[in-house]
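Trainee: I'll drop the sequence and a predicted model, then ask my questions.
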Amino acid sequence: MTSDSTRLVCENLACERGGRLVFSGINFAVKAGEALILTGRNGAGKSTLLRVVAGLLRASAGRIKLTGGIDEMGTAEQAHYQGHLDAIKPSLTVAENLQFWARFLGAPADASIEPALEAVDLAALADLPAAYLSAGQKRRLSIARLLAVKRPLWLLDEPTSALDTQSQGRLAAFMRQHLAGGGLILAATHGPIGLDAPRELKMGAAG
Amino acid sequence: MALIDIFNNLANPTRFLALTNRVLPWLTALTVIVLVYGLYRVAYAPDDYQQGATVKIMFLHVPAAWLAMMGWGLMAVAAFGTLVWRHPLADVAARAAAPIGAAFTFICLVTGSLWGRPMWGTYWVWDARLTSVLVLFLLYLGMLALYWTAEDPNRSARAAAILALVGAINIPIIKFSVDWWNTLHQPASVIRMGGSAIDPSILVPLLIMALAFTLLFLLLLLLNMRNEILRRRVRSMRMMQAASI
Amino acid sequence: MNALLALLLRDMRLATRVGGGALMGALFYFVVVSMIPFAIGPDLNLLARIGPAVLWIGALLASLLALDRLFASDHDDGSLDLLTMSTLPLELTVAAKAIAHWLTTALPLIVITPVLGLMLNVDMSAMGFVALSLVAGTPALTFIGLIGAALSVTLRRGGLLMAILVLPLTVPVLIFGVAAANAAIVGPAPFGPPFTILCALSLASFVLGPFAAAAALRQGQE
């Protein structure tokens, strides 16, 4: 699905919310196997930028293009978005939650979710209703979604929050694996997320 | 003092399970015997000179009505246990009683409307007694809905207890207002069921059936309480399982 | 298709699990319809005459109020974001949710309608037609209500506001639903024409509802 020529280009992006200009003139390009980390103070527009790229918010100016992927699909359909919320239904079991998102986001019908659950160390709880999970376990289940369905672009908003050090290490391994397979990562974070020398985009600087 | 000891012993779920293990076979046997004997007596009870064989529906209808009331009474008592003494078993009892009480109320409504069919010419008339039972049924449904929507049994316990008490206080008021509403609209057209002087040939089977239904209620209650206790154990075991990883 | 089926099954599962809304609509319907005789008195002839109208009003309120959280719950836990990031058009996603909602909320309501009809002294032979009019008309209520459910995400207000916005839109459904039911019971107008219009309304809202709801959701993402 991902080829080495995949490339995300954002040109002159601006976003306005509630009459306030959150950011403007954002330019960057990310190519296959590369991660871009968004940094900056609170309110600098990191989350907003991720949501704009994910197609969840409209940009007031500029354009976003994912080239080299599947031509007829838009950026949003080739991206995984991991926001502050985990999109988990407490009354469904762990396996049902993941199974649903895998099917809905376009995993092949015969694909198994077992490996993804194993990878985040939740296979033993597969049949438990998700209501019983702790915040960190919910986050891990939500991360399992990124592994269960292959999409070239990962948009991660504070992916390490609620995770213990062991799980943070695991997430870093997933990200390295994704990059090695020709994937792209755009992540907003305050702290280090365990990638070696990722490129950085500092937001909130004037202009 | 001894009574309090027994009560305290019962309040421990593990002891409760052990005790019910011993009691259940006997209670089951007793219920079956009384029920069979009661049905036998009902079968040989004389027909009513006006209503014919349909009067026999009464032997199901009246005990069911009794237990419909008793079920809510039990829930109200258990509500005290939950709110005042915080007994672990009180909410279990209330929760176990709700569906059984609702079922008996439903039986009361169905038999009432079947009984009314030959007399009224239609299955349902907004007769004061049946209507009161209908409102009780609505209250039961509300209680079941409350249990159904709450995920955490500990949180729903107090809400259910308050609802049970409010319901218990309200039931006489509802009964009174329904009677008033009914006589306002339908003066003297209501057919009184039963009557003041009941012949022993009818009264005895009725009392036996009432006893049988009460035993059945107790039996179902104990079984359902066991299920509820086990369900809560499954819940806490699952929580432990989730926390262990 | 696979994705749509997965969404349909998920929503039906959620509705029937603990805390789900299945049967709540039917319960509400039962309570509302049982309350009405207390207001107008137990006159069986009068009840029989207004029975279909009472059943329809009950069904209308039950289907609309049950829709309240349809999108809001998905919005609150972040699922809505991901639902819009699928290869499926949002309109289809929204329609699948509506169908799941109709199956778990409106269908139980229609199933208990004969019991309520009995209490309102509606003739048993006519009860089939009343139920049929509900089968034909409630999809329209669900799909019109869908717009309100989507708007309540946009406006971050649910409950009464949604009812105020949507109830006027359901007037045609109410008119032809009760007309069809009454035609079957008292006549003399035939059952066919209002019933056909009712079906047409359902089909039209099946098209219009998801488009409007999807548009409202797109606007609402902030």
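Mentor: Structure received.
Trainee: residues near whatever residue of chain B ends up closest to chain C, how many?
Mentor: Of the residues in chain B, the one nearest chain C is B:Trp126, at a distance of 3.0 Å by Cβ to the nearest Cβ. To be clear about C-beta, it is placed using only N, CA and C from the backbone, and glycine gets the same treatment. Look at B:Trp126: counted by other Cβ atoms under 10 Å in any protein chain shown, it has 24 neighbours.
Trainee: tell me the secondary structure for it?
Mentor: Using DSSP: H, G, I helix; E, B strand; the rest coil, the secondary structure recorded for B:Trp126 is coil.
Trainee: for B:Asn182, see how far away it is.
Mentor: Look at B:Trp126 and B:Asn182: by Cβ to Cβ, to the nearest Å, they are 7 Å apart.
Trainee: got it, and C:Asn121?
Mentor: As for C:Asn121, its distance to B:Asn182 is 16 Å (criterion: Cβ to Cβ).
Trainee: now swap in A:Arg51 and tell me
Mentor: Here the distance between A:Arg51 and B:Asn182 works out to 61 Å (Cβ to Cβ).
Trainee: contacts only, for the nearest residue to C:Asp76 once chain neighbours are set aside.
Mentor: Leaving out its chain neighbours, the residue that sits closest to C:Asp76 by Cβ to Cβ, 6 or more residues apart in numbering or on different chains is A:Leu85, at 7.9 Å. For A:Leu85, the residues meeting the contact criterion (Cβ atoms under 8 Å, 6 or more residues apart in numbering or on different chains) are C:76-78, C:81.
Trainee: report the two of those residues separated the most.
Mentor: Across the contacts of A:Leu85, the two members that end up farthest from each other (Cβ to Cβ) are C:Asp76 and C:Asp81, 11.2 Å apart.
Trainee: those two: which is more packed in?
Mentor: Using other Cβ under 10 Å, the more surrounded residue of C:Asp76 and C:Asp81 is C:Asp81, with 21 against 12.
Trainee: per-residue pLDDT of the closest residue to the more buried one other than its chain neighbours, please?
Mentor: Ranked by Cβ to Cβ, 6+ apart and with sequence neighbours excluded, the top spatial neighbour of C:Asp81 is A:Leu56, at 5.5 Å. Reading off the confidence values, A:Leu56 has pLDDT 84.
Trainee: again, but for the one 3 residues further on
Mentor: A:Ala59 carries a pLDDT score of 81 in this model.
Trainee: re earlier: just the contacts of A:Leu85: which are in helices?
Mentor: C:76, C:81 (DSSP state H).
Trainee: partner residues bridging the spatially most central residue of chain A?
Mentor: The centre of chain A sits closest to A:Leu155, judged by Cα atoms, centre = their mean, with a distance of 2.9 Å. With DSSP bridges as the criterion, the beta-bridge partners of A:Leu155 are A:Tyr81, A:Leu186.
Trainee: isn't it right next to A:Val53, touching?
Mentor: Yes: at 5.9 Å, A:Leu155 and A:Val53 qualify as touching, with contact defined as Cβ atoms under 8 Å.
Trainee: can you give me the strands in chain A?
Mentor: When secondary structure is read from DSSP state E, chain A shows strands at A:7-17, A:20-31, A:35-39, A:61-67, A:79-82, A:153-157, A:184-188, A:199-202.
Trainee: restrict the third one to CA atoms and write it as PDB.
Mentor: Think strand A:35-39. Listed next in PDB are the C-alpha coordinates belonging to strand A:35-39 (Å, rounded to 0.1, in the frame of the first residue of the first chain):
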ATOM      1  CA  ALA A  35       8.700  11.800  10.900                       C
ATOM      2  CA  LEU A  36       7.800  15.400  11.500                       C
ATOM      3  CA  ILE A  37       7.300  16.500  15.100                       C
ATOM      4  CA  LEU A  38       5.200  19.500  15.800                       C
ATOM      5  CA  THR A  39       6.300  21.400  18.900                       C
END
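Trainee: check what pLDDT the closest residue to A:Glu34 other than its chain neighbours gets.
Mentor: Across the structure, with Cβ to Cβ, 6+ apart as the measure, the residue nearest A:Glu34 apart from its sequence neighbours is A:Leu184 (6.3 Å). pLDDT for A:Leu184: 86.
Trainee: repeat for A:Ser3
Mentor: So, for A:Ser3, pLDDT stands at 54.
Trainee: any idea how far A:Ala107 is from B:Cys108?
Mentor: When distance is defined by Cβ to Cβ, B:Cys108 is 53 Å away from A:Ala107.
Trainee: list the contacts for residue 44?
Mentor: No chain specified, so I'll use chain A. Contacts of A:Ala44 were listed using Cβ under 8 Å, 6+ apart, and they are A:23, A:203-204.
Trainee: mind checking how far it is from A:Cys15?
Mentor: Counting by Cβ to Cβ, the separation of A:Ala44 from A:Cys15 is 12 Å.
Trainee: so what sits against both of the two?
Mentor: A:Phe23.
Trainee: ok and the residue in chain A nearest chain B?
Mentor: Sorted by distance to chain B under Cβ to the nearest Cβ, the residues of chain A start with A:Tyr132, at 4.1 Å.
Trainee: ok, the residue nearest to that residue when sequence neighbours are not counted - contacts?
Mentor: In space, not counting the residues next to it along the chain, A:Tyr132 is nearest to B:Ala242; the distance is 4.1 Å by Cβ to Cβ, 6+ apart. For B:Ala242, the contacting residues are A:125, A:128, A:132-134, A:137, by Cβ under 8 Å, 6+ apart.
Trainee: which residues touch residue 88?
Mentor: Because you didn't say which chain, this covers chain A. Shown here is A:Ile88, whose contacts under the criterion Cβ under 8 Å, 6+ apart are A:97, A:130, A:133, A:138, A:141-142, C:77.
Trainee: sorry, I should have been clearer: chain C.
Mentor: With contact taken as Cβ under 8 Å, 6+ apart, C:Leu88 is in contact with C:3-4.
Trainee: what helix or strand does it sit in?
Mentor: C:Leu88 is located outside every helix and strand, with elements delineated by DSSP states H and E.
Trainee: which of the helices and strands in chain A ranks last by mean pLDDT?
Mentor: Comparing helices and strands within chain A by mean pLDDT, DSSP states H and E singles out strand A:199-202 as the least confident, with a mean of 78.
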